[in-house]
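*Asks:* With the sequence up front, the predicted model follows.
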Amino acid sequence: MRQLILYGLVGAASNAAIYLVYLLLTYLGMEAKSAMTLVYLIGASIGFVGNRKLTFAHRGDSRSAALRYVLAHVLGYMLNFLILYALVDRLGYAHQWVQAAAIIIVAGFLFVIFKYFVFSEKIWRVARK
């Protein structure tokens, strides 16, 4: 529960700032999926250290965790992209609301992946045996 609360606090602050940048970029004329791509890369880059050290207190190999982190974010990015494509491009919903909801959906998905795949010590100890 502690990890979920820390993840939520760190995520709420960083995602709020990143969402404002997303809104600014789209207001200035950048296409929604392009703006999402840019802010996603920024947020994912900043998030590794915070999640590894603060949220999950990971003490394992940082390089292998970084590779798993990149894989997790590739999946998260694809999920975010598909949500925008389906709901904005195909169904015509407003990108501002869709992206706000997508942030929450992808954050939940990533929490589970981070906890049980990226920063889990147990799974990698068992896999090495």
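*Replies:* The structure has been received and is ready for your questions. Remember, predicted model here, so these are calculated numbers, not experimental data. Residues are numbered from 1 along each chain as shown.

*Asks:* In terms of secondary structure, what does the helix or strand where residue 80 lies contact?
*Replies:* Residue 80 is part of helix 62-84, with elements assigned from DSSP states H and E. Helix 62-84 sits against helix 32-49, helix 95-113, with contacts defined as 3 or more Cβ pairs under 8 Å, 6 or more residues apart in numbering; DSSP states H and E. Glycine gets a C-beta too; all of them are placed from N, C-alpha and C.

*Asks:* Of all those, which one is nearest residue 69?
*Replies:* Smallest distance to residue 69 across the helices and strands packed on helix 62-84 (Cβ to Cβ): 5.4 Å, for helix 32-49.

*Asks:* average model confidence for the closest one?
*Replies:* Averaging pLDDT along helix 32-49 yields 91.

*Asks:* about what we covered before: let's have the helices and strands packed on helix 62-84 in TSV, adding mean neighbour count.
*Replies:* Listed next are these as TSV, based on neighbours: other Cβ atoms under 10 Å:
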stretch	mean neighbour count
helix 32-49	17
helix 95-113	17
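
*Asks:* Would you reformat these as CSV and include distance to residue 86?
*Replies:* Converted to CSV, the helices and strands packed on helix 62-84 look like this (distance: least, Cβ to Cβ, whole Å):
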stretch, distance to residue 86
helix 32-49, 12
helix 95-113, 9
